[in-house]
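[1] model the following, please.
(4 chains)
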Number of protein chains: 2
Amino acid sequence: MARATIEDVASEAGVSVATVDRVLNGRAAVRPQTVERVEKAIRRLNYQPDRLAARLARAREYRFCFVVPEGTNAFMIALADAVREEALRMAQEKVAIDLRFTDVFDADTLGAALDAIGNIYDGVAVVALDHPRIRESINALADRGVTVVTLVSDVPSSRRAHFVGIDNSAAGRTAATLMGRYLSGRKGKVGLIAGSLSLRDHIERQFGFEQVLAHEYPELSILPVREGRDDWKKVKKLAAQLLGDHPDLIGLYNVGAGARGIAEALEDAKRQREVVLITHELTDDTRRALIDGTIDIIINQDAGHEVRSAIRVLLSKADKAPIVEQMERIRIDIYIRDNIP
Amino acid sequence: MARATIEDVASEAGVSVATVDRVLNGRAAVRPQTVERVEKAIRRLNYQPDRLAARLARAREYRFCFVVPEGTNAFMIALADAVREEALRMAQEKVAIDLRFTDVFDADTLGAALDAIGNIYDGVAVVALDHPRIRESINALADRGVTVVTLVSDVPSSRRAHFVGIDNSAAGRTAATLMGRYLSGRKGKVGLIAGSLSLRDHIERQFGFEQVLAHEYPELSILPVREGRDDWKKVKKLAAQLLGDHPDLIGLYNVGAGARGIAEALEDAKRQREVVLITHELTDDTRRALIDGTIDIIINQDAGHEVRSAIRVLLSKADKAPIVEQMERIRIDIYIRDNIP
DNA sequence: CCCGCGTTGATAGGCGTCTATCAGGAATTG
DNA sequence: CAATTCCTGATAGACGCCTATCAACGCGGG
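    A predicted model of the protein is given here:
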């Protein structure tokens, strides 16, 4: 049985296709009873507009904007690359995607960047900072009818339509369990290095990590978190300091970027074999360090998947189509030497 | 700049749209020089047919067939469920998907099932057995112009267009490394239980596992593989036997299905805490056992992703469009208690 | 009674492609 | 040179929906 079309709905409801169209796209005033009749017909026939035909017919293209952090953070660069790649692909499907960079550590800069986004966009995806200023900017966009999705780092209190990213608290717990198991039978200290504790994702990871480690692996003691600002040179100094101060350090969890710094510090100290290093984000640096054994485990979120998911969500919202929740769940990937892609 | 259309190509090449269409779809004989001119124009304008419009215009729908194993194997049931779900979704995009069950352990049955597939299908996805009989059946389909993709278990020597699944040798190595690290500092025996050694995926996993374990963790000795035919009752007996015979068994790797049997045997012996259990495929059973600690690690391939990937590949082949290799790579997922979805 | 308003119908034209048909010119064959 | 065959052009009509316009109807207010 073929799919129902607008014409089927029209004859089923005893109205004209023009009226069905008016109801579907709110194009003009329609009497409530008529609306009712049409909607009943739609339900009876289980009519769903053909998105392909609709996209084809709608002359204009969709315009989306991705706002990502500037700088040298390898994961963010990968994210930007993924955006560019998908932009190319989607350009062939009537979807135009722009990419903007901004300083994500500074609420005012990011907020201003968001406020500066004109009305030309149907949707915006942003790597957000959890800050009142940002919440306001997101809500302002939403008020203007722009769909906003947060990417990687969420602002749950805002009126963003969706969050594309992993459960960071679970990621932290995952790191802790693996750390505990890898260190089973050993006693000593475990250090944490984060990027910034004003990034929601980092706090959540740290929290999850400490929660599980303290509770389940009491023989391991946790050192206070250090902040490396996602800058590998700064991170290297912190790591060297930690190694120097604590000869009994046997585990390191790198919450943010800058894994390269830790790897170098470990190699300088020639302790890469005895210290279990768990870090986030698969990049060229971390992949290399994983293969040569300096890094033991990488916890990753797939930038390409996240970008594609964000686009799917924005498209669905633009088409007023439902999103398939289960398809949009970003996984917490665990990589060891043997299963890197 | 808007996309080029067939008409642009036609005027650029100085021919009619009809001729461009003939070149594009090989509909009738066209003089070689004309073909050349059209192809040049296509390259100059970077023309790419609009797949949406093409799908809309092509009245007929695509027909695909999925052939999966019958039986109670939880992963295969999940796979079949995923096929049904996607079939519903794709039905709204002019794609009809049929699902057929067969005994996959028997080459003749499976081969006959493949041979029985009529010419009504544009593509077939099959969970294959690596056997000459099956290779012939796949090649016969390919000869008839039916695109074949292998699913989960490959037949590399056949003319299947693509394999959708994980690198099983890498999966085995992954299991071995995790086993080795989880058991670090301990000495003892590690057992393996496979479904059948005529399934290519199982052999590869076993091979990868033994390779890494023997090489990198010499303090762990590997027991000979047992075959459980993916039947949890049989698997339970094997596991119980292993546990009885080897009081110093400290690790178990379940290559195939039937994890439930091992979990029960471990619980009966009250040794679930001391034995590290690594198994494949996330199902209700394994998820439960992972949470309560009987299973330590699950290595998974996402059935939903695999089905969607297979469909995308079949569709691309049908549209003669290129496939995005990197998007179709199925990952080896590692799940522990903390990152299960 | 006429006018305007709110509502609905009818229909045309377009989006980019596919499919099909007919006609006419060029090249080949006997 | 006539009869084919080969190649190409022109064009119509889908596919399912969007956008826009015009006409028509019933109703109430002035």
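[2] am I right that residue A:153 sits in a helix?
    No: going by DSSP: H, G, I helix; E, B strand; the rest coil, the assignment for residue A:153 is coil, not a helix.
[3] please pull out the lowest mean pLDDT helix or strand from chain A.
    Between all helices and strands in chain A, the lowest mean by mean pLDDT, DSSP states H and E belongs to helix A:51-57, at a mean of 83.
[4] I'd like the average pLDDT over the helix or strand residue A:308 falls within.
    Element membership for residue A:308 (DSSP states H and E) is helix A:303-318. Helix A:303-318 shows a mean pLDDT of 93.
[5] report all helices and strands that that helix contacts.
    On a contact count with 3 or more Cβ pairs under 8 Å, 6 or more residues apart in numbering or on different chains; DSSP states H and E, helix A:303-318 meets strand A:62-69, helix A:74-91, strand A:95-102, strand A:123-126, strand A:147-151, strand A:162-164. All C-beta spots, glycine's among them, are computed from the backbone N, C-alpha and C.
[6] mind redoing it with 6 Å?
    helix A:74-91, strand A:147-151, strand A:162-164 (3 or more Cβ pairs under 6 Å, 6 or more residues apart in numbering or on different chains; DSSP states H and E).
[7] could I have the CA atoms of the first one written out in PDB?
    What follows is helix A:74-91, C-alpha atoms only, in PDB (Å, rounded to 0.1, in the frame of the first residue of the first chain):
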ATOM      1  CA  ALA A  74      43.200  19.200  19.100                       C
ATOM      2  CA  PHE A  75      39.700  17.900  19.700                       C
ATOM      3  CA  MET A  76      38.100  21.200  18.900                       C
ATOM      4  CA  ILE A  77      40.100  21.300  15.700                       C
ATOM      5  CA  ALA A  78      38.800  17.900  14.800                       C
ATOM      6  CA  LEU A  79      35.400  19.100  15.500                       C
ATOM      7  CA  ALA A  80      35.800  22.100  13.200                       C
ATOM      8  CA  ASP A  81      37.200  19.800  10.500                       C
ATOM      9  CA  ALA A  82      34.200  17.600  10.900                       C
ATOM     10  CA  VAL A  83      31.900  20.600  10.500                       C
ATOM     11  CA  ARG A  84      33.700  21.700   7.300                       C
ATOM     12  CA  GLU A  85      33.500  18.200   5.900                       C
ATOM     13  CA  GLU A  86      29.800  17.800   6.600                       C
ATOM     14  CA  ALA A  87      29.200  21.300   5.300                       C
ATOM     15  CA  LEU A  88      30.500  20.100   2.000                       C
ATOM     16  CA  ARG A  89      28.300  17.000   2.000                       C
ATOM     17  CA  MET A  90      25.200  18.900   3.100                       C
ATOM     18  CA  ALA A  91      25.700  21.600   0.500                       C
END
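[8] which helices and strands does it pack with?
    Judged by 3+ Cβ pairs under 6 Å, 6+ apart, helix A:74-91 is in contact with strand A:62-69, strand A:95-102, helix A:303-318.
[9] could these go into a markdown table alongside distance to DNA strand C?
    Conversion of the helices and strands packed on helix A:74-91 to a markdown table gives the following (distance: least, Cβ to the nearest atom of the strand, whole Å):
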| stretch | distance to DNA strand C |
| --- | --- |
| strand A:62-69 | 14 |
| strand A:95-102 | 14 |
| helix A:303-318 | 17 |
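[10] would you map the helices across chain A?
    Residue ranges of the helices in chain A, as given by DSSP state H, are A:6-13, A:17-25, A:32-45, A:51-57, A:74-91, A:107-115, A:132-143, A:168-182, A:200-216, A:232-245, A:259-268, A:284-291, A:303-318.
[11] starting at the chain centroid, how far to the first one?
    Right, the one you point to is helix A:6-13. Mean-position distance between helix A:6-13 and its chain equals 42 Å (Cα atoms, centre = their mean, to the nearest Å).
[12] that older thread, mean neighbour count and distance to residue B:51 for the helices and strands packed on helix A:74-91 - can I get that in TSV?
    Output for those, formatted as TSV (neighbours: other Cβ atoms under 10 Å in any protein chain shown; distance: least, Cβ to Cβ, whole Å):
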stretch	mean neighbour count	distance to residue B:51
strand A:62-69	23	16
strand A:95-102	18	13
helix A:303-318	22	15
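[13] what does chain A put close to DNA strand D?
    A:2-3, A:5-7, A:18, A:21, A:24-25, A:27, A:47, A:49-50, A:53-54, A:56-60 (Cβ under 7 Å from any atom of the strand).
[14] restrict these to those near chain B?
    A:53, A:56 (Cβ under 6 Å from any Cβ of the partner chain).
[15] what subset of the residues of chain A next to DNA strand D is buried?
    Neighbour-count burial (16 or more other Cβ atoms under 10 Å in any protein chain shown) is assigned, among those, to A:3, A:6, A:21, A:24, A:47, A:49-50, A:56.
[16] of the residues you listed, closest to chain B?
    residue A:56 (5.4 Å; Cβ to the nearest Cβ).
[17] list the contacts of the closest one.
    B:52-53 (Cβ atoms under 6 Å, 6 or more residues apart in numbering or on different chains).
[18] now, the most widely separated pair of the buried ones among the residues of chain A next to DNA strand D?
    For those, the maximum inter-member distance is 18.1 Å, found between A:47 and A:56 (Cβ to Cβ).
[19] ok, and the closest non-adjacent residue to the residue of the stretch 151-300 of chain A at minimum distance from DNA strand D?
    Among the residues of the stretch 151-300 of chain A, residue A:161 lies closest to DNA strand D, at 20.3 Å counting by Cβ to the nearest atom of the strand. Nearest residue to residue A:161 in three dimensions, chain neighbours excluded: residue A:147, at 5.0 Å (Cβ to Cβ, 6 or more residues apart in numbering or on different chains).
[20] burial of the one you found, as a residue count?
    The number of residues packed near residue A:147 is 21, by other Cβ atoms under 10 Å in any protein chain shown.
[21] before we move on, what about residue A:223?
    Using other Cβ under 10 Å, residue A:223 has 16 other residues around it.
[22] quick one, domains of chain A?
    As given by automatic domain parsing, the domain ranges for chain A are A:6-46, A:61-165+A:303-330, A:168-300.
[23] dump those into CSV; add distance to residue B:12 as well.
    Listed next are the domains of chain A as CSV, based on distance: least, Cβ to Cβ, whole Å:
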stretch, distance to residue B:12
domain A:6-46, 36
domain A:61-165+A:303-330, 19
domain A:168-300, 42
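[24] what's the most buried one of these?
    Mean neighbours per residue, mean count of other Cβ atoms under 10 Å in any protein chain shown, is largest over the domains of chain A for domain A:168-300, with a mean of 20.
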